[in-house]
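J.: sequence-free structure coming up:
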């Protein structure tokens, strides 16, 4: 429009200058008596030119401007424009743009309706906040959670009253990120997911109610604990009676008793491991004390010295850490190291077992390596699951229960540490334990 207005002003100026030049020439050429007639004729000509100019240029441009403003206001109804006009191609192009915009708007509107329908159909509480803390979108579940109806474009601090939920939302508002964490509120358990978008500068919050899952989990743990207690007494009695009359048997009968005794021992080991796991899950307390690392490992290795020597294996201990003490629950941590070293001895037929002690700024690092057969990569992610066994036939033969590594992970987690595994077929396995140098009281 600026270019058109400039052109109009330029054309008008040229027209005025031309009229002045004509008028000056007329004064010098035409007698004064005819001057009035000439002025009238020039005036009429200028008026006719202005009218023609107005209807051929200005009026269509004004109409074009109105149509553009109409589209800008979201009105995509059919455009009306004069046919067979020199600007018809402009109006045609504008009409094409208008129809395409209308098509895109309808498509976008349907997508938005579908998006809102999906959000509304989800039973979990969902809401979206912008970077200013305004709630832009939400579903009925969230409205029921906060017990309010019209909360769109309200600040979250005026809407959310629950302290546990508010603390996470407020933390995310101050420092946006994406994470998932579990919270407990009003005797219910929730999995709280936050997802931040760098593009839109908005955060999506989702609250999954996992109360039923947690209740089922507690019931399952209680059942396992109860069954384990009930099984341990009769199994111990069975083993005792077997040992009583074992010496009086001979030949084939003694072989049968040995089979029964071996399987009874295996059941007792499973029950004991289940009880240990249940105790760790119910009682998360630790009896931390200062432990001399060298003495701690020496006492554990004495348990395996005979087996290591019998298999012809070499045992190496590498002390690369300047730390001589660690804070931990001695009894629980012994269970971890006994389990890992026991596995290393079991599954290593030739070669060596290596224990390396090191540290970084915050952690003590223990590496227990063997030169055994190794573990296939597809098994590694599930290795710490309950009852997960890589080689079932060998595990039964060795008396494994599939619970040892799960117990080890629980104990390390209680110490705020981590346990990882690295392995390669035919090259061996390494378990890496990281324990904080300073344990929380």
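T.: Happy to help now that I have it. Only a predicted model underlies this, so the values are computations on that prediction, with no experimental measurement involved.
J.: only C-alpha atoms from now on, for both contacts and neighbour counts.
T.: Will do.
J.: nearest residue to the middle of this protein?
T.: The C-alpha lying nearest the average C-alpha coordinate of the chain belongs to residue 179 (C-alpha atoms, centre = their mean; 5.3 Å).
J.: how about the closest residue to that one other than its chain neighbours, what does it touch?
T.: The spatially closest residue to residue 179, leaving aside those adjacent along the chain, is residue 194, at 5.4 Å (C-alpha to C-alpha, 6 or more residues apart in numbering). Contacts of residue 194 were listed using C-alpha atoms under 8 Å, 6 or more residues apart in numbering, and they are 177, 178, 179, 180, 203, 204, 205, 206.
J.: just give the number of residues close to the closest residue to residue 420 other than its chain neighbours.
T.: The shortest distance from residue 420 to any residue other than its chain neighbours is 5.1 Å, reached at residue 432 (C-alpha to C-alpha, 6+ apart). Using other C-alpha atoms under 10 Å, residue 432 has 16 other residues around it.
J.: mind listing the strands the helix or strand where residue 432 lies pairs with, and their directions?
T.: Under DSSP states H and E, the secondary-structure element containing residue 432 is strand 428-436. When pairing is defined by DSSP bridges, strand 428-436 lines up against strand 363-370 (antiparallel), strand 418-424 (antiparallel).
J.: let me know the pLDDT of the residue nearest to the centre of the chain.
T.: The predicted local distance difference test score for residue 179 is 88.
J.: phi and psi next, for it.
T.: Main-chain dihedrals, residue 179, degrees, to the nearest 10: phi -160, psi 170.
J.: going forward, the N-terminal residue is numbered 158.
T.: Understood, numbering begins at 158; the last thing we discussed is residue 336.
J.: tell me the contacts of it?
T.: For residue 336, counting by C-alpha under 8 Å, 6+ apart, the contacting residues are 350, 351, 352.
J.: now swap in residue 333 and tell me
T.: For residue 333, the set of contacting residues under the criterion of C-alpha under 8 Å, 6+ apart consists of 353, 360.
J.: and it, that's in a helix?
T.: No. Applying DSSP: H, G, I helix; E, B strand; the rest coil, one finds residue 333 to be coil, outside a helix.
J.: pLDDT at it, what is it?
T.: Model confidence at residue 333, expressed as pLDDT, equals 88.
J.: same check, this time on residue 283
T.: With respect to pLDDT, residue 283 scores 90.
J.: what kind of secondary structure is the closest residue to it other than its chain neighbours in?
T.: In this structure, residue 283 finds its nearest non-sequential neighbour in residue 363, 4.7 Å apart by C-alpha to C-alpha, 6+ apart. Of the three states, residue 363 takes strand according to three-state DSSP.
J.: for the protein, longest helix please?
T.: Among the segments of the chain that qualify as a helix by DSSP state H, the longest is helix 368-403.
J.: can you show me the strands along the chain?
T.: With DSSP state E as the criterion, the chain has strands at 282-286, 292-295, 336-342, 345-354, 359-366, 445-449, 471-476, 482-486, 509-516, 520-527, 575-581, 585-593.
J.: mind putting those strands into TSV with distance to residue 410?
T.: Supplementary listing: those in TSV, determined by distance: least, C-alpha to C-alpha, whole Å:
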stretch	distance to residue 410
strand 282-286	66
strand 292-295	73
strand 336-342	56
strand 345-354	56
strand 359-366	58
strand 445-449	49
strand 471-476	40
strand 482-486	46
strand 509-516	40
strand 520-527	40
strand 575-581	43
strand 585-593	41
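J.: please identify which of these is closest to residue 389.
T.: Using C-alpha to C-alpha as the measure, strand 482-486 is the one of these that comes nearest residue 389, at 25.9 Å.
J.: so the closest one versus strand 520-527, what angle?
T.: What separates the directions of strand 482-486 and strand 520-527 is an angle of 80 degrees, with axes from the mean of the first three to the mean of the last three C-alpha atoms, to 10 degrees.
J.: what pairs with strand 482-486, and is each one parallel or antiparallel?
T.: Partners of strand 482-486 in the sheet, by DSSP bridges, are strand 445-449 (antiparallel).
J.: counting neighbours, which bits of the strand it pairs with end up buried?
T.: For strand 445-449, the buried set under the neighbour-count rule, 16 or more other C-alpha atoms under 10 Å, comprises residue 445.
J.: which residues touch that strand?
T.: Outside strand 445-449, the residues touching it (C-alpha under 8 Å, 6+ apart) are 481, 482, 483, 484, 485, 486, 487.
J.: if we go to 6 Å?
T.: Outside strand 445-449, the residues within contact range by C-alpha atoms under 6 Å, 6 or more residues apart in numbering are 481, 482, 483, 484, 485, 486.
J.: beta partners for the last one?
T.: Which is residue 486. Note on residue 486: beta-bridge partners residue 445, judged by DSSP bridges.
J.: neighbours around it, how many?
T.: Other residues within reach of residue 486 by the criterion other C-alpha under 10 Å amount to 18.
J.: list the contacts of it.
T.: Counting by C-alpha under 6 Å, 6+ apart, residue 486 makes contact with 443, 444, 445.
J.: 10 Å - rerun?
T.: When contacts are counted by C-alpha atoms under 10 Å, 6 or more residues apart in numbering, residue 486 touches 442, 443, 444, 445, 446, 447, 448, 568, 571, 572.
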